[in-house]
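**Student:** Model the structure of this input:
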Amino acid sequence: MKDWTEQIKEMRFDIDDIKHLKPDELVQFLYQTNELTEMFIVEENKLDDSLAAQSEITIQDIKDELDLQSKIAERTYIIAVLRQRNKPYYKGLYFGSTKPNAMPSRAFSWRIDYDLKPPEPFGLIELRFFIRKENRRDGTGDLRYTADKNVHDEIKYFYYDYIKEQYVQIDIKNNDNEDTKIYKKRKKTIDYCNDRFNKENEKHVLETHDVFTKMSKYMQTKKPVLSSSNEYLHDFKIFYPFLNNVLKRLLMKVQLTHITVSEYTDLTDYFNNLISRIEKAQTDLNKLITDIKNQYSEKQFDGSAERIRMNRLLETRNFVLSEWSKDEFQRRVSTLIEQNYRTLHRELVDLVEPRNEDTPETSMTGYILYNNKVLPNLITIENRYFLSDFYDSNEKRIEREKALRSALSNKNADSEESEGENQEIISIENKPEEKYDFSEGLFTFEEFKELVKQKKRGAMHAHMLALFKEEEFKKYRAAKTPLIEKYLKIYDELKREETE
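**Tutor:** Numbers count the residues shown, from 1 in each chain. Reported below is the predicted structural model:
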């Protein structure tokens with residue numbers, strides 16, 4: 001990967017600066033800017049609970065508690081927070097209720113809070129700050145929920161200065177300000193990149209669909225026969241350039257959040273393994289055909305049928321086992337095909353085989369099993385953002401993948417040979433964090449839960465940045481932004497669970 005460090009520090013992030021880059025170079029460039037972008041840290045200034053006694057709260061009441069300047073050199077911004085219904089009293093289940101139902105005596109509560117959006121490329125940050133009055137509904141409103149009214153709601157915009165290594169707050173409405181111009185120029189360049197990625201993704205989908213169409217005839221059987229209509233060398237030649245293109249686009253798929261960082265790492269290994277096996281298969285099969293040609297070059301054929309078969313082999317470079325069954329090369333050919341390339345061919349077909357409405361829940365169709373991990377195949381990756389052809393949902397997908405892991409665990413538990421190797425997978429279903437993916441090893445579930453409990457979002461960021469610098473986690477540096485986005489989402493989900 002090319003090193004753009006010096007260019008990034010001096011770059012204006014104009015479209016002209018990057019339009020010459022190829023799609024795979026462009027996504028690598030974006031990830032390198034992410035790697036150079038230091039974390040934006042929010043430090044919470046918890047307001048006194050007595051403030052919640054007021055009938056009205058405005059931004060004027062708390063403006064002195066907001067501090068976006070004193071720690072700017074440390075890239076730390078102090079935000080005032082008041083979460084009245086987060087107090088233990090309001091988390092109780094009263095009078096037989098199945099969910100927290102307590103409200104303050106005046107039937108409304110206050111929430112002063114913020115929402116830090118996942119960072120965008122080129123060091124752009126949006127922080128939403130709001131003051132919200134949460135009222136018990138009147139009249140015919142659904143009394144299970146509050147009727148919320150935002151008293152104050154604003155978005156604060158920042159960009160990262162790669163030379164000074166700190167964030168700059170901008171006034172988005174002041175178009176004459178130089179900092180605002182820098183922010184908007186970077187924003188426009190991000191839009192350009194997204195357009196490029198969308199076009200490249202469309203190209204990827206069309207190529208995947210083309211391979212899917214060509215392989216569809218093999219998807220009805222798990223043991224495709226070798227015949228004149230099923231020529232392994234022909235299919236290997238289809239997959240070889242296709243998988244090389246897929247590898248170039250995997251990082252883009254992380255950027256688009258179609259796959260996770262851990263899936264990116266495992267799929268990269270898996271596709272590289274397939275490509276190496278295809279290369280060996282092409283070499284071995286071509287050598288075998290050449291050997292047959294050399295052996296038969298001096299042979300006197302007894303009949304025209306044998307000569308026709310020989311010519312077909314040399315012209316099409318295709319084995320037709322039924323026609324060569326009595327030949328002296330039959331054992332060599334069938335052993336090579338049966339033990340090596342029939343399995344490889346089936347694995348390649350599995351890459352583009354979709355699930356359908358009638359697929360059993362524990363069938364691996366639509367998924368790949370690699371190193372005892374269940375990974376999405378190329379069609380399932382696209383189906384994560386495509387519309388479904390039958391009833392499906394993200395929740396159902398999560399349950400399906402849990403069922404696949406569970407079935408795999410049970411299968412491995414029955415095998416004494418693999419008992420030691422599969423302890424990690426066997427134990428997954430018994431862990432409380434099975435709903436979330438902590439496979440990178442940046443946190444344990446318990447560590448992350450404690451950070452949420454103590455509301456240490458900034459500490460989470462700092463922890464991740466420190467780990468990215470360690471050799472053990474070097475492989476995740478290029479995908480820093482998607483990884484941060486992933487853990488921000490988990491943080492917010494666990495935070496909501498804690499509140500409910």
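**Student:** now the closest residue to residue 85 other than its chain neighbours, what's its secondary structure?
**Tutor:** Of all residues not flanking residue 85 in the chain, residue 109 sits nearest, at 5.0 Å (CB to CB, 6 or more residues apart in numbering). The C-beta positions use only the backbone N, C-alpha and C, and glycine is treated the same way. Assigned with DSSP: H, G, I helix; E, B strand; the rest coil, residue 109 falls in the strand class.
**Student:** same question, residue 94
**Tutor:** Secondary structure, three-state DSSP: residue 94 is coil.
**Student:** does it really touch residue 103, like I thought?
**Tutor:** No - applying CB atoms under 8 Å, one finds residue 94 not in contact with residue 103, separated by 10.3 Å.
**Student:** ok so, going back, does the residue nearest to residue 85 have beta-bridge partners, and which?
**Tutor:** Per DSSP bridges, the residues bridged to residue 109 are residue 134.
**Student:** Just the pLDDT for it.
**Tutor:** Turning to residue 109, the model gives it a pLDDT of 95.
**Student:** all helices of the stretch 201-350 of the chain, in order?
**Tutor:** Counting by DSSP state H, counting those that start in this stretch, the stretch 201-350 of the chain has helices at residues 232-255, 261-296, 304-316, 330-336, 342-350.
**Student:** Pipe those helices into TSV and attach distance to residue 214, mean neighbour count and mean pLDDT per row.
**Tutor:** As requested, those are exported to TSV (distance: least, CB to CB, whole Å; neighbours: other CB atoms under 10 Å; pLDDT from 0 to 100):
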stretch	distance to residue 214	mean neighbour count	mean pLDDT
helix 232-255	6	19	91
helix 261-296	15	16	84
helix 304-316	17	13	64
helix 330-336	23	14	59
helix 342-350	10	19	88
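**Student:** Could you tell me how far the residue lying closest to residue 182 once chain neighbours are set aside is located from residue 189?
**Tutor:** With sequence-adjacent residues excluded and distances taken as CB to CB, 6+ apart, residue 182 is closest to residue 159, at 6.1 Å. Separation of residue 159 from residue 189 (CB to CB, to the nearest Å) stands at 12 Å.
**Student:** of these two, who's got more company?
**Tutor:** residue 159 (24 against 21; other CB atoms under 10 Å).
**Student:** Pull up the gap between residue 42 and residue 493, please.
**Tutor:** On the measure of CB to CB, residue 42 and residue 493 end up 18 Å apart.
**Student:** Am I right that the residue nearest to residue 182 is in a helix?
**Tutor:** No - applying three-state DSSP, one finds residue 159 to be strand, outside a helix.
**Student:** That one is in contact with residue 181, isn't it?
**Tutor:** No - using CB under 8 Å, residue 159 is not in contact with residue 181; the gap is 10.6 Å.
**Student:** tell me the secondary structure for residue 476?
**Tutor:** Assignment for residue 476 (three-state DSSP): helix.
**Student:** pretty sure it contacts residue 261?
**Tutor:** Yes - counting by CB under 8 Å, residue 261 is a contact partner of residue 476 at 5.9 Å.
**Student:** Apart from its neighbours in sequence, what residue is nearest residue 12?
**Tutor:** residue 185 (6.8 Å).
**Student:** now the angle between helix 342-350 and the helix or strand harbouring the one you found, please.
**Tutor:** Assigned by DSSP states H and E, residue 185 belongs to helix 178-215. Interaxial angle, helix 178-215 versus helix 342-350 (axes from the mean of the first three to the mean of the last three CA atoms, to 10 degrees): 130 degrees.
**Student:** now helix 178-215, how far from the centre of its chain.
**Tutor:** The chain centroid and the centroid of helix 178-215 are separated by 16 Å under CA atoms, centre = their mean, to the nearest Å.
**Student:** buried ones in that helix?
**Tutor:** 179-180, 182-183, 185-187, 189-190, 193, 196-197, 200-201, 204, 207-208, 211-212, 215 (16 or more other CB atoms under 10 Å).
**Student:** What count of nearby residues applies to the residue nearest to residue 85?
**Tutor:** Residue 109: 23 neighbours (other CB under 10 Å).
**Student:** Residue 355 now?
**Tutor:** 23.
**Student:** ok so it is a helix residue?
**Tutor:** No - under three-state DSSP, residue 355 falls outside any helix and is assigned coil.
**Student:** so how far is residue 263 from it?
**Tutor:** Applying CB to CB to residue 355 and residue 263 gives a distance of 17 Å.
**Student:** Please name the residues that touch residue 197.
**Tutor:** With contact taken as CB atoms under 8 Å, 6 or more residues apart in numbering, residue 197 is in contact with 23, 26-27, 252, 255-256.
**Student:** That one and residue 62, how far apart?
**Tutor:** Following CB to CB, the distance that separates residue 197 from residue 62 is 40 Å.
**Student:** Same check on residue 476?
**Tutor:** For residue 476, the distance to residue 62 equals 38 Å [CB to CB].
**Student:** And residue 378, by the same measure?
**Tutor:** From residue 378 across to residue 62, the span is 51 Å (CB to CB).
**Student:** Comparing these two, which shows the higher neighbour count?
**Tutor:** Between residue 378 and residue 62, residue 378 has the larger neighbour count (other CB under 10 Å), namely 26 against 19.
**Student:** Report the secondary structure state of the spatially closest residue to residue 263 that is not a sequence neighbour.
**Tutor:** Nearest residue to residue 263 in three dimensions, chain neighbours excluded: residue 375, at 5.9 Å (CB to CB, 6+ apart). Three-state assignment for residue 375 (three-state DSSP): strand.
**Student:** list the contacts for residue 375?
**Tutor:** Each residue near residue 375 by CB under 8 Å, 6+ apart is listed here: 263, 266-267, 270, 367-369.
**Student:** at 7 Å what do you get?
**Tutor:** 263, 266-267, 270, 367-368 (CB atoms under 7 Å, 6 or more residues apart in numbering).
**Student:** Could you measure from it over to residue 400?
**Tutor:** According to CB to CB, residue 375 stands 14 Å off from residue 400.
**Student:** which residues in the stretch 51-200 of the chain form helices?
**Tutor:** When secondary structure is read from DSSP H, counting those that start in this stretch, the stretch 51-200 of the chain shows helices at 59-62, 178-215.
**Student:** Serialize the ones you listed to a markdown table and add fields for mean pLDDT and distance to residue 152.
**Tutor:** What follows is these, written out as a markdown table (pLDDT from 0 to 100; distance: least, CB to CB, whole Å):
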| stretch | mean pLDDT | distance to residue 152 |
| --- | --- | --- |
| helix 59-62 | 92 | 5 |
| helix 178-215 | 94 | 22 |
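**Student:** Contacts only, for residue 341.
**Tutor:** Taking CB under 7 Å, 6+ apart, we find residue 341 in contact with 232, 281.
**Student:** out of the helices of the stretch 201-350 of the chain, which comes closest to residue 71?
**Tutor:** Minimum separation from residue 71 across these (CB to CB) falls at helix 261-296, 29.7 Å.
**Student:** Report all helices and strands that that closest one contacts.
**Tutor:** Helix 261-296 is packed against helix 232-255, helix 304-316, helix 330-336, helix 342-350, strand 367-370, strand 373-376, with contacts defined by 3 or more CB pairs under 7 Å, 6 or more residues apart in numbering; DSSP states H and E.
**Student:** what about 8 Å?
**Tutor:** Here helix 261-296 touches helix 232-255, helix 304-316, helix 330-336, helix 342-350, strand 367-370, strand 373-376, helix 480-499, going by 3 or more CB pairs under 8 Å, 6 or more residues apart in numbering; DSSP states H and E.
**Student:** in the stretch 1-150 of the chain, which spans are strands?
**Tutor:** Listed in chain order, the strands of the stretch 1-150 of the chain (DSSP state E, counting those that start in this stretch) span 41-46, 76-83, 108-116, 124-136, 146-161.
**Student:** As JSON lines, those strands with distance to residue 344 would be great.
**Tutor:** Formatted as JSON lines, the strands of the stretch 1-150 of the chain follow (distance: least, CB to CB, whole Å):
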{"stretch": "strand 41-46", "distance to residue 344": "49"}
{"stretch": "strand 76-83", "distance to residue 344": "53"}
{"stretch": "strand 108-116", "distance to residue 344": "47"}
{"stretch": "strand 124-136", "distance to residue 344": "45"}
{"stretch": "strand 146-161", "distance to residue 344": "46"}
